[in-house]
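1. got a sequence here, can you model it:
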Amino acid sequence: MESPFKADILKGKVALVTGGGSGIGLEISTQFGRHGAAVAIMGRRRQVLDAAVAALRSEGIRAIGLEGDVRKQEDAARVLEETTTHFGKLDILVNGAAGNFLVSPEDLSPNGFRTVIDIDSVGTFTMCHEALKHLKKGGRGEGPSTGGLILNISATLHYTAAWYQIHASAAKAAVDSITRSLALEWGTDYDIRVNGIAPGPIGDTPGMRKLAPGEMQSKSREYRPLYKLGERWDIAMAALYLASDAGKYINGTTMVVDGGLWLSHPRHIGKEEVKKLSKVVEMKSRKSPVAFPASKL
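-> Numbering: from 1, shown residues only. Alright, predicted model coming up:
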C-alpha cells in the first residue's frame, strides 16, 4: 500500500526499534527506512535479525541488527552505544519488544506473570532510561521538532479487561503510565516527546497467530466495528505520523489504532429485534406523550 507521507519526512533521522526483526516492529523499521531514516533493530535471535536487516538493505535502507535482551540493563546500554557509534546519533526509540500468551489466571505462575512484566514494562523503562543521554545529544535536528522521540507500543487490553491475558494487561497498563510520566518530565526537562501506540488485532503477525487462531478470528468478526483485522502498515503509518513534524505537538498520548474494537461489545440483541422494540416504544409514546415524565428520567 502506498504511503500518504512524503518519502523524506524522516531524512537524516536515526531510529532504534526493539522487537524490530518481525511483525509490527519490522514494518515500522521498514517504513521508517523508506521515509529516510537509518534504522537499528534489536532482538534476541540473530537469525531473525540477519533476515530482517537483509530485507531492509535490499531496499537501500541503512540498517543494522543488534542482539540484546531489553530486560538486561547491560544489553540495553550496549545496543544504544553501538547504535550511536555506528550512525553518529539517536533520534527515535521505538519500544516494540513484548511477550504474551493465553493463559487462565489460575494456571499462570508468578514467574510467568513476572516474565511478561519484565519484558514489556521493565524492558520499556530500561530502554528509555539508557536512551536518555543519547536522545538528549542526538535528537536536535532541523525543523520545528528539536527533541528526541520515544514511541512505546502498548495495547488496549487494560482499558476494560481481556480474557486470559492478565499478565499482558498489567504490563501494558504500566507501559502507558511510563509513557505519560516520561512525557511530563522529559518533555519539560529535555524536549523529548514520549507517546504510545495501542494496536488492535493485526493480521499476519506472530502475536495474532499465537493469540487468535483462524477459527477464533472468524468468530470474532461481529465484534469488530470495521469488520476486519488491521494491518501492520496501519501501525507503521501511525508511528510515522508521530515521528514526523506533523506530530510535533503530541506528547504523552497513546494513540489507539484498532478500528474501534476496544469500544465494542457483543450484541446482546439482534438488530431486527431492536427495530421491533423501537417501533413499540414509539407507538406508545405517541399515544401517551407524558408516559415518561421528566422526574423519572
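2. where does the prediction get shaky in the stretch 51-200 of the chain?
-> 138-146 (pLDDT under 70).
3. where do the strands of it begin and end?
-> 63-67, 92-95, 149-153, 193-199 (DSSP state E, counting those that start in this stretch).
4. and the lengthiest helix in the chain, what does it pack against?
-> Assignment by DSSP state H gives helix 166-190 as the longest helix of the chain. Using 3 or more CB pairs under 8 Å, 6 or more residues apart in numbering; DSSP states H and E, the elements in contact with helix 166-190 are helix 110-117, helix 123-138, strand 149-153, strand 193-199. Every C-beta, even on glycine, is put in place using the N, C-alpha and C of the backbone.
5. what angle do it and strand 193-199 make?
-> In terms of direction (axes from the mean of the first three to the mean of the last three CA atoms, to 10 degrees), helix 166-190 departs from strand 193-199 by 160 degrees.
6. of the helices and strands packed on helix 166-190, which approaches Val94 most closely?
-> strand 149-153 (4.7 Å; CB to CB).
7. quick one, the closest one and helix 166-190 angle?
-> Going by the same axes, to 10 degrees, strand 149-153 makes 170 degrees with helix 166-190.
8. contacts for strand 149-153?
-> 19, 24-25, 91-96, 98, 124, 128, 131, 135, 139, 175-176, 178-179, 182, 186, 192-197, 199, 235, 239, 242-243, 254 (CB atoms under 8 Å, 6 or more residues apart in numbering).
9. switch the cut-off to 6 Å
-> Under the criterion CB atoms under 6 Å, 6 or more residues apart in numbering, residues 92-96, 124, 128, 175, 179, 193-197, 239, 243 lie in contact with strand 149-153.
10. can you report how many residues neighbour Phe5?
-> A total of 17 residues lie near Phe5 under the criterion other CB atoms under 10 Å.
11. gap between it and Phe32?
-> Distance of Phe5 to Phe32, given as CB to CB, to the nearest Å: 11 Å.
12. any chance of a markdown table for the helices and strands packed on helix 166-190, columns distance to Glu231 and mean neighbour count?
-> Formatted as a markdown table, the helices and strands packed on helix 166-190 follow (distance: least, CB to CB, whole Å; neighbours: other CB atoms under 10 Å):
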| stretch | distance to Glu231 | mean neighbour count |
| --- | --- | --- |
| helix 110-117 | 25 | 14 |
| helix 123-138 | 24 | 21 |
| strand 149-153 | 15 | 26 |
| strand 193-199 | 10 | 25 |
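13. make JSON lines out of these and add distance to Arg71.
-> Output for the helices and strands packed on helix 166-190, formatted as JSON lines (distance: least, CB to CB, whole Å):
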{"stretch": "helix 110-117", "distance to Arg71": "9"}
{"stretch": "helix 123-138", "distance to Arg71": "5"}
{"stretch": "strand 149-153", "distance to Arg71": "16"}
{"stretch": "strand 193-199", "distance to Arg71": "20"}
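14. so which of these is nearest Leu229?
-> Per CB to CB, nearest to Leu229 of these: strand 193-199, 10.5 Å.
15. returning to what we had before: and of the helices and strands packed on helix 166-190, who's closest to Arg46?
-> helix 123-138 (18.8 Å).
16. against which helices or strands is the closest one packed?
-> Helices and strands in packing contact with helix 123-138 are listed as helix 73-87, strand 92-95, helix 166-190; criterion 3 or more CB pairs under 6 Å, 6 or more residues apart in numbering; DSSP states H and E.
17. OK, contacts around the residue lying closest to Ala161 once chain neighbours are set aside?
-> Excluding the flanking residues, the one nearest Ala161 by CB to CB, 6 or more residues apart in numbering is Ser169, at 6.9 Å. Applying CB under 6 Å, 6+ apart to Ser169 gives the contacts 157-158, 162.
18. before I go, just wanted to say thanks for your time.
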